[in-house]
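Student: here are the coordinates; sequence isn't available:
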Ligand SMILES: NC(=O)c1ccc[n+]([C@@H]2O[C@H](COP(=O)([O-])OP(=O)(O)OC[C@H]3O[C@@H](n4cnc5c(N)ncnc54)[C@H](OP(=O)(O)O)[C@@H]3O)[C@@H](O)[C@H]2O)c1
């Protein structure tokens, strides 16, 4: 029995609020990590064509004894494939690599406003096709700023179900989260523990000592109580288990506020700025 709450997206579908991310897990280690996570109880996996491990995620999910409907799988359109025909071919490749006939959620990985004449709206219309034919049950975006979301709103009919953005105590990204909240877009927080960077912060270690939990559990619980969706990555079995144990304690309002106050604004961003990021993998 799962203890993980679900979030209802604007298309009426639900997504487990806690999942497992596989960015930077080498393909040869991915199936094992996903198997460990499935055994612990994770039922939501976040991969991407860019991560090079969709095959291994699909392999582990398909090898489990779970029904397809019990597992939520997300993947993302890589940066080289924003043109509509390229996007269609890339999505077919994602389904083939996963060995699944649908994904639960498919995202535009980056907006790339300086490439493709800045036209991510045409790309989004292709994701709308995937949703219409049921091969992507839900569709969303990743790394979209509020200006990008406004352009989608003006140029298309579907509001993204989620926006997956960098967010953690040093970069709370609240303006983009607030835009999402007021427009029915759920926020997914990537690098939720800032790849470990925030775990030695005295405010976080202080709260952890007070509530008798680890710093990672405190930070992940902070995200959960803020209402965001998270999928921490780990290849360490003990941490995979630790990161799943978030539902037997609560942070009080003062703790939440103290952690939120660690925000460093743009200086706290650890990944690329979506307004200028233009990396296209070869
Ligand atoms: N859309 C995007 O552009 C984007 C960008 C980045 C990430 N993401 C997604 O978000 C997921 C999570 O982000 P992330 O992988 O960048 O970073 P993260 O989950 O914030 O941190 C992962 C790092 O923290 C370590 N770690 C995990 N649990 C820990 C614990 N309990 N105690 C101490 N250290 C711990 C891991 O080490 P070990 O593995 O060695 O245990 C790993 O080095 C990704 O896997 C991916 O699915 C999306």
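Tutor: Received the coordinates, thanks. Please read all numbers here as calculations on a predicted model, not as lab measurements.
Student: Please count neighbours and contacts with C-alpha atoms only from this point.
Tutor: Fine.
Student: Point out the residues in the stretch 151-282 of the chain that sit beside the ligand.
Tutor: 164, 190-196, 216, 231-236, 239, 242-243 (C-alpha under 6 Å from any ligand atom).
Student: Which of those residues fall in strands?
Tutor: Judged by DSSP state E, these include 164, 190 as members of strands.
Student: Can you tell me which of the residues of the stretch 151-282 of the chain next to the ligand are buried?
Tutor: 164, 190-194, 216, 231-235, 243 (16 or more other C-alpha atoms under 10 Å).
Student: which parts of the stretch 1-150 of the chain sit against the ligand?
Tutor: So the stretch 1-150 of the chain meets the ligand at 21, 22, 23, 46, 47, 109, 142 (C-alpha under 6 Å from any ligand atom).
Student: hmm, try it at 8 Å
Tutor: 20-25, 45-48, 109-110, 142-143 (C-alpha under 8 Å from any ligand atom).
Student: And the most far-flung residue of the chain relative to its centre, how close does it get to the ligand?
Tutor: Using C-alpha atoms, centre = their mean, the residue of the chain lying farthest from its centre is residue 210. It sits 29.1 Å away. Per C-alpha to the nearest ligand atom, to the nearest Å, residue 210 is found 17 Å from the ligand.
Student: Which helix or which strand is home to that residue?
Tutor: Taking DSSP states H and E as the definition, residue 210 sits inside helix 202-211.
Student: chain center to that helix, what's the gap?
Tutor: 26 Å (C-alpha atoms, centre = their mean, to the nearest Å).
Student: Okay, buried residues for that helix please.
Tutor: In helix 202-211, the ones that count as buried by 16+ other C-alpha under 10 Å are 203, 204, 205, 207, 208.
Student: OK, contacts around the fourth one?
Tutor: Going by C-alpha atoms under 8 Å, 6 or more residues apart in numbering, residue 207 touches 215, 218, 255.
Student: For it, give me the pLDDT.
Tutor: Note on residue 207: pLDDT of 98.
Student: repeat for the first one
Tutor: As summarised for this prediction, residue 203 has a pLDDT of 99.
Student: wait, isn't it in contact with residue 258?
Tutor: Yes - under the criterion of C-alpha atoms under 8 Å, residue 203 makes contact with residue 258 at 7.2 Å.
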